[in-house]
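Enquirer: build me a model:
(chains A and B)
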Amino acid sequence: MARREPSTAGEAAAGAAPRAARLGEALNRLARRLPLHVSVIGLAAIWSIPTIALLVSSFRDPGLVVTSGWWNAVKDPFEFTFGNYETVLERQGMARSFVNSLIITVPSTMLVILVAAMAAYAFAWMKFPFRNALFLVVVGLLVVPLQMTLIPVLQLYVNLNDWFGFLGNDMPLLGGRLFGTNSYAGIWAAHTAFGLPFAVYLLRNFFGGLPRDLFESAYLDGASDLRVFFRIVLPLSMPAIAALAIFQFLWVWNDLLIALILLGDPDRAPMTLTITNLVSSFGTAYQLLTAAAFISMALPLLVFFALQRYFVQGILAGAVKG
Amino acid sequence: MIGRRWFVPWLWLAPALVLLGIFLVYPTVDTIRRSFQDEKSHGFVGLDNYRFIVDNPQPLVSDTHVALLNNLMWLTVFTAITVALGLIIAVLTARVRYEAVAKSAIFIPMAISFVAAAVIWKFMYEFNSDIGTVNAVVTSAGGDATRWLQDTGAPQTPITDAGPDTLPNPIQVNNFALVFVGVWMWTGFAVVVLSAGLKGISTEILEAARVDGANEWQIFWRIIIPNLSPTIVVVATTLVIQALKKFDLVWVMTAGRFETDVVATLFFKEFFLRGDFGVGAALAVVLLLWVVPVMVISIRRFQFQEETR
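Expert: Just a heads-up that it's a prediction; the model follows:
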């Protein structure tokens, strides 16, 4: 015991100097990295402030929103309300628009995945004349400005209404026409078509990267194309399909232009259209506009946070690999 | 299935090809036809509609020069700022431990619709500095509140018979205010793609440079930028296409008033508000012509990758 004491004392004395040095170094390192932290946190803050302002304002009293800045919300009178949400949901028809947005978005997303996956399977694993040229044309269509397609499509839909008007058709359950203008089917078809170039491109690249042996042995075993497609290709491609689904979902959910042209009926209007109308009728009633905007953002943000990994993968598959 | 019958691939392609034909190919061809016809798409008028765009005879109703210059401005300023910011943020966030959180914060605006973004930014740009965040910051720093979305930044000039007596001014305050909203929404995209590219640069090269005494600045310019240039091209081409097709943002925030029109909004006005199909279609074709070089570059890159994979 007696022999050990000096050694522990010695250890303590020897440990003090490096610890001080280590602390000094850590402080030094922190000081050197301070500008880095300040700029990263600063940029992240600047990027978040607009969204935070929106969220805070949507819960404030109508009288306060137009007289004092949202940054005062934490100070005097500390009160928040759900009143703005009640107003937009009930009186401004946002509840109905939310349902409409879902009715428009979900089938459009599923359709684009199915149609694009079929085409991508053919492009990736079948041989036929003009295969590469045709694929390049499909990819090239990515850049066609959508606005340019709307008049011909609108005219086609109006003609459809005329030709099949005698059917007096009603869509069961959903209301409205079966196809043509102001019909859900019409907007599903349009969104599916406009989503196809990106979808075919993304899936073709992913399918093309699946191991060749897998296909050859399946074909040798006498598996049909349908079987290979549903049992091998689709299950193995779930990451790419998830990425595509998120993109198409956000894209359709956030679309204004196509809904504006093809779906004028307020009863079937998605949220983007309803909010645009709110903006023109309630110019500066920010408590209502912010509440409406936040309702429309809630689902995309949820999807984004839940599936961020796939979202990023999708961007990279579309941009970097492609 | 090696011995497929010849029509089998076409059956798999049919739904996609039919939809693309109806909704993209036929409308493109139809629009090109209309651009050579009169305002109701009846008789052919040769290049009259294109002459209208070049000569700009009605600057008060539809100022084609302003729209073209603004598109050029979006194309250059929006793309340059977004790529530069994306690069800076990608490099900076790679050095902190809370990289994922910081990147999400910058990425969130990508999930928001242009309509919601327009609501957010009208509120941010509100003139009243008691409620408008940007003006509150400006006035508390001692500046004057600005009407960010209305201020064209040009001195008021007398209006002659031929329209305002000045050249259109693309360097205008409200255009920059709009471009910044675009930057806010798209920087996340640039950051995600560029930081993935950044992770692909081998750490050995970076370490070797550090051992050789290169400072961070030299590493950025001599190693990161050259190694990342293919990725930068990808990001830039995507952003260029975005900039050229820019519609929703301008439409919801200013509807093209106060000289903020771009080709897409002017085209929309000609087609749907003034009912002049000829000029509208010609504007759309101009837009398409601007995009073609970008498309050719992308296809070349794709073909190259196919050969090398």
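Enquirer: any idea of the mean pLDDT in stretch B:246-264?
Expert: Predicted confidence along stretch B:246-264 averages 77 (mean pLDDT).
Enquirer: so does it get close to chain A?
Expert: Yes. Interface with chain A: stretch B:246-264 contributes B:247-248, B:251-252, B:264 (C-beta under 8 Å from any C-beta of the partner chain). Where you see a C-beta, it was placed from the backbone N, CA and C, and this is true even at glycine.
Enquirer: list the contacts for the closest residue to chain A within the stretch 101-250 of chain B?
Expert: Per C-beta to the nearest C-beta, residue B:113 is where the stretch 101-250 of chain B lies closest to chain A, at 3.4 Å. When the contact criterion is C-beta atoms under 8 Å, 6 or more residues apart in numbering or on different chains, the partners of residue B:113 are A:253-256, A:272, A:296-297, A:300.
Enquirer: the same query, at a cut-off of 6 Å, please.
Expert: Counting by C-beta atoms under 6 Å, 6 or more residues apart in numbering or on different chains, residue B:113 touches A:254, A:272.
Enquirer: for it, grab phi and psi.
Expert: Torsion angles at residue B:113 (phi, psi; degrees, to the nearest 10) stand at phi -70, psi 160.
Enquirer: any chance of the residues of stretch B:246-264 next to chain A in JSON lines, plus neighbour count and secondary structure?
Expert: Shown next, in JSON lines, are these (neighbours: other C-beta atoms under 10 Å in any protein chain shown; DSSP: H, G, I helix; E, B strand; the rest coil):
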{"residue": "B:247", "neighbour count": "20", "secondary structure": "coil"}
{"residue": "B:248", "neighbour count": "22", "secondary structure": "helix"}
{"residue": "B:251", "neighbour count": "23", "secondary structure": "helix"}
{"residue": "B:252", "neighbour count": "23", "secondary structure": "helix"}
{"residue": "B:264", "neighbour count": "27", "secondary structure": "helix"}
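Enquirer: for residue 189, which non-adjacent residue is closest in space?
Expert: You didn't pick a chain, so chain A it is. Nearest residue to residue A:189, sequence neighbours excluded (C-beta to C-beta, 6 or more residues apart in numbering or on different chains): residue B:19, at 6.8 Å.
Enquirer: sorry, I should have been clearer: chain B.
Expert: residue B:110 (6.0 Å).
Enquirer: just to revisit the earlier point, give the buried residues for the helix or strand where the residue nearest to residue A:189 lies.
Expert: For residue B:19, the host element (DSSP states H and E) is helix B:8-20. Using 16 or more other C-beta atoms under 10 Å in any protein chain shown as the burial criterion, the residues of helix B:8-20 that qualify are B:9, B:12-13, B:15-17, B:19-20.
Enquirer: quick check: the farthest pair among the residues of stretch B:246-264 next to chain A?
Expert: Farthest pair in the residues of stretch B:246-264 next to chain A (C-beta to C-beta) is B:252 and B:264. Separation: 12.8 Å.
Enquirer: around chain B, pick out the residues from the stretch 1-150 of chain A.
Expert: Residues of the stretch 1-150 of chain A lying near chain B by C-beta under 6 Å from any C-beta of the partner chain: A:40, A:44, A:47-48, A:50, A:53-54, A:69, A:115, A:118-119, A:122, A:126, A:128, A:136, A:140-141, A:143-145, A:147-149.
Enquirer: please pick the buried ones from the residues you listed.
Expert: Among these, those classed as buried by 16+ other C-beta under 10 Å are A:40, A:44, A:47, A:50, A:53-54, A:69, A:115, A:118-119, A:122, A:126, A:128, A:136, A:140-141, A:143-145, A:147-149.
Enquirer: how close does the closest residue to residue B:223 other than its chain neighbours get to residue B:221?
Expert: The spatial neighbour of residue B:223 that comes closest, neighbours along the chain excluded (C-beta to C-beta, 6+ apart), is residue B:209 at 5.7 Å. According to C-beta to C-beta, to the nearest Å, residue B:209 stands 11 Å off from residue B:221.
Enquirer: these two - which one has more neighbours?
Expert: For residue B:209 and residue B:221, the more surrounded residue by other C-beta atoms under 10 Å in any protein chain shown is residue B:209, and the numbers stand at 17 against 11.
Enquirer: where's the more buried one, which helix or strand?
Expert: With DSSP H and E as the test, residue B:209 turns up in helix B:203-211.
Enquirer: list the contacts of that helix.
Expert: Identification of contacts with helix B:203-211 by C-beta under 6 Å, 6+ apart yields B:219, B:223.
Enquirer: after that helix, which helix or strand is next?
Expert: helix B:216-218.
Enquirer: tell me if that next one is near chain A.
Expert: No. For helix B:216-218, no contact with chain A is found by C-beta under 6 Å from any C-beta; the gap never falls below 10.2 Å.
Enquirer: now the stretch 201-309 of chain B against chain A: closest residue?
Expert: residue B:284 (3.9 Å).
Enquirer: count of neighbours near that residue?
Expert: Using other C-beta under 10 Å, residue B:284 has 29 other residues around it.
Enquirer: separation between it and residue B:202?
Expert: Going from residue B:284 to residue B:202 by C-beta to C-beta gives 46 Å.
Enquirer: what's the helix or strand for the spatially most central residue of chain B?
Expert: In chain B, the centroid-proximal residue (C-alpha atoms, centre = their mean) is residue B:243; its distance is 1.3 Å. Taking DSSP H and E as the definition, one finds residue B:243 inside helix B:225-245.
Enquirer: which pLDDT does the model give the residue of the stretch 101-250 of chain B closest to chain A?
Expert: Looking at residue B:113, its pLDDT stands at 82.
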